[in-house]
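J.: the sequence and its predicted three-dimensional model are supplied below.
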Amino acid sequence: MPKLAETLRKVASEGADYIYKGAWGQKFVKMANKQGYRVSMQDMEEYEPKWDKPVRFTYRGHEIIGSPPPDTGGLVVGYNLNILENFDLKSLGHYAKSPETLEIMARAFGRVRDETRWAIKDPLNFYIPSELWLLKDYGKMCAQFVQNTMVISNVNLAPSKKDKALPQKTLNPQFPLLDEENDAYLGSNHNVIVDAQGNWISLLHTLHGGAPGIFIDGVRALGSGARAYTLGPGRRLVLPITSIMIVKDGKPWLAMGTPGSPPQPVTEVLVNILDFKMSPKEAAEAPRFWTFRGDERSVDIESRITKELREAMASRGIKLKDLGAYNWHTGSMQIIWRDEKTGKLHGVTDPRRLGYAAGY
């Protein structure tokens, strides 16, 4: 790809100005205007990146940093974990085997999703109850709510054998399993990078920007039809981007992220690492699930679970929908971590989707 290589060389030598003020930006404006898009060199030259403070929270003594609003992911993961911290998940067993753990996580995720769905917006325009959701006392109260909405232990809500049960159809992994507001996330990629100087980066490159159909010097300006909550200059999109880092002794220990709609899958991988002491590779490969999508009280879960778990969840009145053994819509985790004893860096990519881990 010689044109892309030349573009990258220009960016390396001239910096971001090559894209925003230089030859590439001029080509972009000219081609975009030709196709009817309203963009000028003044727009390009006046663009300034905003430096925001990340979301910070703790989970079982681990300091975790997440991407801040208008990204939803950092707050949603922090709120998820703030509730789950009040349960001894390790003693209950892994969610792929334990109905108690799966129900707790499903109900916690459901509450967090419903409470944050329309409340995380652009902080330049709206108040966001970030501190409230991350308060330990609030997490404890929400955990009590979760506990008091679970099934009574001696009640069996599974359909009677006399009842004609509806067939459980395996969901086709060729079709997207995304929320209605997240239907444009196909084709994103997440990059996790640590350089020789010790800089750590967790970055999602997604489709929202540019102008559809324009391809300049090896760079595709994908564009998107997504809209901000409010109209006007400087408005920012609200996206479920979930860049996460775990810090130990003031230094990054692990960085991760995924394309798609990441907050629930990322929470599951963190639980696998921090509660069940899995290696990042094992944590990424473990079965994942979606909670209460839409209005139906069901869990969409990868099929690598036990028969006993299926039967136990049915007795609890929670339907399980089969996603197949590995479903790439549950995320494609990219993870780098540092060996605390040797300082050596390790990387792993998710088996569900195209990815690549390399060291130089």
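T.: Nice, I can see it.
J.: Val348: which element?
T.: Assigned by DSSP states H and E, Val348 belongs to strand 345-349.
J.: and for Leu204?
T.: Going by DSSP H and E, Leu204 is part of strand 200-205.
J.: still on that earlier bit, buried sites along the strand holding Val348?
T.: Judged by neighbour count (16 or more other C-beta atoms under 10 Å), strand 345-349 contains these buried residues: 347-349. Using the backbone N, CA and C atoms, a C-beta is placed for each residue, glycine as well.
J.: relative to strand 200-205, how tilted is it?
T.: 20 degrees (axes from the mean of the first three to the mean of the last three C-alpha atoms, to 10 degrees).
J.: walk me through which strands strand 345-349 pairs with, and which way each runs.
T.: strand 334-338 (antiparallel) (DSSP bridges).
J.: ok, residues contacting the strand it pairs with?
T.: The contact list for strand 334-338 (C-beta atoms under 8 Å, 6 or more residues apart in numbering) reads 190-194, 200, 251-258, 269, 280, 284, 344-350, 355, 357.
J.: equivalent analysis for stretch 33-45, please.
T.: Here stretch 33-45 has contacts from 20-21, 25-26, 28-29, 32, 211, 213-214, using C-beta under 8 Å, 6+ apart.
J.: now swap in stretch 51-64 and tell me
T.: 65-68, 74-75, 77-78, 81-82, 84-85, 130, 134, 244-248, 270, 274-275.
J.: the same query, at a cut-off of 7 Å, please.
T.: 65-68, 74-75, 78, 81-82, 85, 130, 134, 244, 246-247, 274 (C-beta atoms under 7 Å, 6 or more residues apart in numbering).
J.: in it, which residues are buried?
T.: Buried-residue list, stretch 51-64, by 16+ other C-beta under 10 Å: 55, 57, 59, 62, 64.
J.: which one of those residues is nearest to Ala158?
T.: Checking the buried residues of stretch 51-64 against Ala158 with C-beta to C-beta, the nearest one is Tyr59 at 33.7 Å.
J.: before we move on, the earlier item: ok, the buried residues of strand 345-349 vs Thr149, which is closest?
T.: Nearest to Thr149 among the buried residues of strand 345-349: Val348, at 35.7 Å, using C-beta to C-beta.
J.: what's the distance between the closest one and Lys30?
T.: From Val348 across to Lys30, the span is 43 Å (C-beta to C-beta, to the nearest Å).
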